[in-house]
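In: build the 3D model from these lines:
(one chain, ligands or ions: 2)
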Amino acid sequence: MKQETKNFIEKIIEEDLETGKYGGRVHTRFPPEPNGYLHIGHAKSICLNFGIAQKYGGLCNLRFDDTNPEKEEEEYVRAIIEDVRWLGFDWEDRLYYASDYFERLYECAVELIKKGKAYVDDLSAEEIRKYRGTLTEPGKESPYRNRSVEENLDLFERMRKGEFDEGEKVLRAKIDMASGNINMRDPVIYRIIKKPHHRTGDKWCIYPTYDFAHPLSDSFEGITHSLCTLEFEDHRPLYDWFLDQLELYHPQQIEFARLNLSYTVLSKRKLTRLVEEGHVSGWDDPRMPTIAGMRRRGYTPEAIRDFCDRIGVAKANSIVDFELLEHCLRDDLNKRCPRVMVVLNPIKVIITNYPEDKVEYVEAINNPEDPNAGTREVPFSRELYIEADDFMEDPPKKFYRLAPGREVRLKHAYIIKCEDYEKDPETGRITTVYCTYDPESKSGSNQQKKVKATLHWVSARHAIDVEVRLYDRLFRVPNPDDKKECPDFIDCLNPDSLKILTNCKAEPSLKNARPGDRFQFLRLGYFAVDPDSSEEKLVFNRTVTLKDTWAKIRFKI
Ligand code: ATP
Ligand code: MG
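Out: Ligands and ions are numbered 1, 2, ... in the order given. Below you'll find the model as predicted:
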């Protein structure tokens, strides 16, 4: 169900190619601000920008919009580069920084002043806000609006030299305080920030605003189609105004709807709060919707790209079901993950008619979806572990797994029958289940006996101890951004989003697994080895369960 039809952006680009609007060029960019880690919403923008360039034989730049030293850090730059690469995209030698353009941007500001199109304002931030007016009332002109060009040039230069304190003066574009578009009411284009910048150090103490730097950076780089999210639609007239006044090349801005995902927040401000207040272990916590979190959780770049492909681009905001993302993930993991057996909540099974010292190696298919994945040998012996859930003392009718007198198959091995069991007299917990096995029932033999359930298991003597981290949704409501339901989104966190199981038993073939390796644990889901793993103990993250609820949701609509 991939969309084969062209989206509205592709239609615009094809039209531009036909009319030769940009001389046949297609040049896009992905412009993150390095003030946080990238999230799945950014992935949509990355896939779109790099995807469009690939599709039309064009280029896509990676550009850091690093104009605010207060929130930006080198750590974020490194993380963003790693994430875009991991998603599978390449900007070749076109890695740019808005900070590389600081001198040029300053010159543009001087030119605006010289043209009488910008002025230094002494109003405080608070006053500027008051003077701005509202959607229904026009703004009021600043008393400093009509300073002479000479005075403005002098003051702006002195701002650069550090003669004024933060907040004392700003440079504003001189447009129209009565404009119906608030963005056009003399927006601030430079402010004094006395903080070192992660790339330019102490060289500057005035910094251009995003609205000034962004359209100019696009223009400097010769971007043809500047793709951005809908909230920038109202900024487009301002961007065009700057380029007109400065007589610069005009990229074409096209707005699309941002991605929203159910049970998730996708705002860097909110994600930063989750990290800083310790609600998660960090930006790469496997519950985070960040690319780094998803990578650690076991997501593949292929699954994320497929998801971005399927959601497409549109002009209207909507919330995409998290289940669709998980559906894409399962689709990909199913093809690539070897199947292994791991018991999460073990109870002991003793096969009373199996010789004490005997070890048999049964053949197990690594991945029925992949004919090249081959087989492996799994040890079978008298004492095994099975899931506590797979045994019931007194089962209801529909329970087909192990119970007194019942028979089940052990995957890749034999049929066993429960003869007896033992419990801890204090807790009532089952400790051991005694079974007999049918030596004629080995998997793959001609044996025709049918049983209703097949269980996974691990030979006790050969098992390795592993830790497994089970994740659930980070939020307990579909839309944590909804102020009515969650006045503070933090209150809607799911208290049970992480469950750690420390006593899991894995088949010995997992001994050599390394961080990042992915597996399907039979009957349980997909799991990836976490970087917290050590020589002593492997740690697994559950990437996603096996049960796909997407089809159900899709047909419900
Ligand atoms: P946030 O709202 O999370 O703070 P942002 O827009 O401020 O995100 P930027 O670093 O400026 O973060 O984003 C870089 C690019 O990614 C921009 O072009 C932006 O429009 C796009 N982008 C950000 N969030 C989404 C989203 N949810 N869906 C699609 N594109 C997005
Ligand atoms: Mg932004």
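In: got the residues of the stretch 151-300 of the chain near ligand 1?
Out: Cys228, Thr229, Arg258, Leu259, Leu266, Ser267, Lys268 (CB under 6 Å from any ligand atom). Any C-beta I mention is one placed from the backbone N, CA and C, and that applies to glycine too.
In: Glu74: which of those is nearest?
Out: Comparing those against Glu74 with CB to CB places Lys268 closest, at 16.6 Å.
In: just give me the neighbour total for the closest one.
Out: Look at Lys268: counted by other CB atoms under 10 Å, it has 20 neighbours.
In: pretty sure it contacts Leu38?
Out: No. Here Lys268 does not reach Leu38: they are 9.1 Å apart, not a contact under CB atoms under 8 Å.
In: returning to what we had before: can you select the buried ones from the residues of the stretch 151-300 of the chain next to ligand 1 in ChimeraX?
Out: Entered in ChimeraX, the line below selects the buried ones among those, by 16 or more other CB atoms under 10 Å:
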select :228,258,259,266,268
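In: interface residues of this protein facing ligand 1?
Out: Within reach of ligand 1 by CB under 6 Å from any ligand atom, the chain has these residues: 31-33, 41-42, 44-45, 228-229, 258-259, 266-268.
In: export those to JSON lines and tack on pLDDT and secondary structure?
Out: What follows is those, written out as JSON lines (pLDDT from 0 to 100; DSSP: H, G, I helix; E, B strand; the rest coil):
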{"residue": "Pro31", "pLDDT": "98", "secondary structure": "coil"}
{"residue": "Pro32", "pLDDT": "98", "secondary structure": "coil"}
{"residue": "Glu33", "pLDDT": "96", "secondary structure": "coil"}
{"residue": "Gly41", "pLDDT": "98", "secondary structure": "helix"}
{"residue": "His42", "pLDDT": "98", "secondary structure": "helix"}
{"residue": "Lys44", "pLDDT": "98", "secondary structure": "helix"}
{"residue": "Ser45", "pLDDT": "98", "secondary structure": "helix"}
{"residue": "Cys228", "pLDDT": "97", "secondary structure": "strand"}
{"residue": "Thr229", "pLDDT": "97", "secondary structure": "strand"}
{"residue": "Arg258", "pLDDT": "96", "secondary structure": "coil"}
{"residue": "Leu259", "pLDDT": "97", "secondary structure": "strand"}
{"residue": "Leu266", "pLDDT": "97", "secondary structure": "coil"}
{"residue": "Ser267", "pLDDT": "95", "secondary structure": "coil"}
{"residue": "Lys268", "pLDDT": "96", "secondary structure": "helix"}
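In: pull the CA atoms of stretch 391-404 into CSV?
Out: Provided in CSV are the C-alpha atoms of stretch 391-404 (Å, rounded to 0.1, in the frame of the first residue of the first chain):
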residue,chain,number,x,y,z
PHE,A,391,1.7,-23.6,32.9
MET,A,392,-1.5,-23.6,34.8
GLU,A,393,-2.4,-25.7,37.8
ASP,A,394,-6.1,-25.5,37.1
PRO,A,395,-6.6,-24.2,33.6
PRO,A,396,-9.7,-22.7,32.1
LYS,A,397,-11.2,-24.5,29.1
LYS,A,398,-9.5,-22.4,26.4
PHE,A,399,-6.0,-22.8,27.9
TYR,A,400,-4.1,-25.2,25.6
ARG,A,401,-0.7,-25.0,27.1
LEU,A,402,0.8,-27.1,29.9
ALA,A,403,-1.4,-28.3,32.7
PRO,A,404,-1.6,-31.5,34.8
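In: how does the chain divide into domains?
Out: The chain breaks down into these domains under automatic domain parsing: 25-256, 268-338+466-556, 342-456.
In: how many neighbours does the residue of the chain found nearest ligand 1 have?
Out: Closest residue of the chain to ligand 1, CB to the nearest ligand atom: Gly41 (2.2 Å). Neighbour count for Gly41, taken as other CB under 10 Å: 18.
In: that one contacts Val265, doesn't it?
Out: No. Using CB under 8 Å as the test, Gly41 is too far from Val265 to be in contact (10.0 Å).
In: who touches both of the two?
Out: Pro289 (CB atoms under 8 Å, 6 or more residues apart in numbering).
In: who touches Asp186 in this structure?
Out: Asp121, Gly139, Glu141, Ser142, Arg145, Arg172, Ala173, Lys174, Ile175, Asp176, Met177.
In: and Arg78, that one's in a helix?
Out: Yes. Arg78 sits within a helix when classified using DSSP: H, G, I helix; E, B strand; the rest coil.
In: contacting residues for it?
Out: With CB under 8 Å, 6+ apart, Arg78 has no contacts at all.
In: average pLDDT across stretch 354-362?
Out: Mean pLDDT, computed over stretch 354-362, is 97.
In: start to end distance for it?
Out: 15 Å (CA to CA, to the nearest Å).
In: so what touches it?
Out: 377-382, 412-413, 437, 442-443, 459, 461-462.
In: again, only this time at 10 Å
Out: 375-384, 410-414, 416, 435-437, 439, 442-444, 459, 461-462 (CB atoms under 10 Å, 6 or more residues apart in numbering).
In: filter these to the buried ones?
Out: Buried among the contacts of stretch 354-362 by 16+ other CB under 10 Å: 376, 378-384, 410-414, 416, 435-437, 442-443, 459, 462.
In: Glu302 reaches Asn334, doesn't it?
Out: No. Using CB atoms under 10 Å, Glu302 makes no contact with Asn334, being 11.9 Å away.
In: sorry, back to before: got the contact list for the residue of the chain closest to ligand 1?
Out: Contacts of Gly41 by CB under 10 Å, 6+ apart are Thr229, Arg258, Leu259, Asn260, Leu261, Thr264, Leu266, Ser267, Lys268, Pro289.
In: so what's the residue nearest to Lys114 when sequence neighbours are not counted up against?
Out: Spatial nearest neighbour of Lys114, chain neighbours left out: Val149 (6.1 Å); criterion: CB to CB, 6 or more residues apart in numbering. Val149 makes contact with Ile113, Lys114, Lys115, Gly116, Lys117, Ala118, Tyr119, according to CB under 10 Å, 6+ apart.
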